[in-house]
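Engineer: What follows is a protein structure lacking sequence information:
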């Protein structure tokens, strides 16, 4: 065969193959979207899209309390951690603003406040559980609030990842296919940083705390998104 024709033939096949793959991918995406639209109600779609951000907004609420506590008391040992928190906050907000309007961001924050209100009673129980454990070990109330908030943020990071697993499982059950969506990257980052605010030998009996977390997760179902 003429070498030039061979190269032309190979190039055409390669282009067609690439175009076919791209078209197959577009078709798969279209089918997946159609399947999702049919399988879930409007409220479920909104919960899938926005509830993770509500959880993360609540985590930031406790992270901010930890950071402000240390800043107000000029605890310089955690200055580097505070810098990392600021960098993560900036990165997270920049990514959020690429996808969501200010109106959506404000409404997510409102849902976060509402969720904390729903959780307030069991949040108090959880704080008492953590405090009682700390007092047995340290016999001092120094930094008690700070450690409470840090540990709560860590537990909420775990809750956020569990919620992501629940959503993946629900999608699989409804449409019978699909790849698991990874949990938001911020969970692991904030978990590790909040852990650094706790003593190395920090241990808490999670029995009562995990019960509270189950209630917190169940309260997510009470959030309504029909105004978004």
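Structural biologist: Alright, I've got the coordinates. Everything quoted here is computed from the prediction, not taken from an experiment.

Engineer: Residue 91 and residue 190: what is the separation?
Structural biologist: 12 Å (Cβ to Cβ, to the nearest Å). C-betas here are computed from N, CA, C, even on glycine.

Engineer: which stretches of this protein form helices?
Structural biologist: For the chain, the helices defined by DSSP state H occupy 3-39, 42-72, 79-99, 102-138, 144-175, 186-196, 207-219.

Engineer: Report the buried residues of the second one.
Structural biologist: If I follow you right, that is helix 42-72. 46-48, 50-63, 65-67, 69-70 (16 or more other Cβ atoms under 10 Å).

Engineer: Remind me what that helix packs against, helices and strands.
Structural biologist: helix 79-99, helix 102-138, helix 144-175, helix 186-196 (3 or more Cβ pairs under 8 Å, 6 or more residues apart in numbering; DSSP states H and E).

Engineer: That one versus helix 207-219: what angle between them?
Structural biologist: Angle, helix 42-72 to helix 207-219, by axes from the mean of the first three to the mean of the last three Cα atoms, to 10 degrees: 130 degrees.

Engineer: what do you get for the third one?
Structural biologist: Relative orientation of helix 79-99 and helix 207-219, computed by the same axes, to 10 degrees: 20 degrees.

Engineer: How far does helix 79-99 sit from its chain's centre?
Structural biologist: Mean-position distance between helix 79-99 and its chain equals 14 Å (Cα atoms, centre = their mean, to the nearest Å).

Engineer: before we move on, what about stretch 208-218?
Structural biologist: Relative to its parent chain, stretch 208-218 has a centroid offset of 17 Å by Cα atoms, centre = their mean.

Engineer: and it, what's its mean pLDDT?
Structural biologist: Averaged across stretch 208-218, pLDDT comes to 93.

Engineer: And the contacts of it?
Structural biologist: Contacts of stretch 208-218 from elsewhere in the structure, counted by Cβ atoms under 8 Å, 6 or more residues apart in numbering, are 115, 119, 122-123, 125-126, 129-130, 155-156, 158-159, 162-163.

Engineer: Using TSV, lay out these together with neighbour count, pLDDT and distance to residue 195.
Structural biologist: TSV is the format used below for these (neighbours: other Cβ atoms under 10 Å; pLDDT from 0 to 100; distance: Cβ to Cβ, whole Å):
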residue	neighbour count	pLDDT	distance to residue 195
115	21	97	23
119	20	96	22
122	18	93	23
123	17	93	20
125	13	91	22
126	25	89	17
129	20	86	18
130	23	84	14
155	23	94	11
156	26	97	13
158	13	96	11
159	20	97	16
162	15	96	18
163	18	96	20
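
Engineer: Including distance to residue 148, could the residues you listed go into TSV?
Structural biologist: Shown next, in TSV, are these (distance: Cβ to Cβ, whole Å):
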residue	distance to residue 148
115	18
119	14
122	14
123	10
125	12
126	8
129	10
130	5
155	11
156	13
158	16
159	16
162	21
163	22
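
Engineer: just to revisit the earlier point, wait, which of the helices of the chain is closest to residue 226?
Structural biologist: Nearest of these to residue 226, taken as Cβ to Cβ: helix 42-72 at 6.8 Å.

Engineer: any idea of the angle the closest one forms with helix 102-138?
Structural biologist: Using the same axes, to 10 degrees, the direction of helix 42-72 lies 50 degrees away from that of helix 102-138.

Engineer: next one: helix 42-72 to chain centre, how far?
Structural biologist: Worked out by Cα atoms, centre = their mean, helix 42-72 lies 8 Å from the chain centre.
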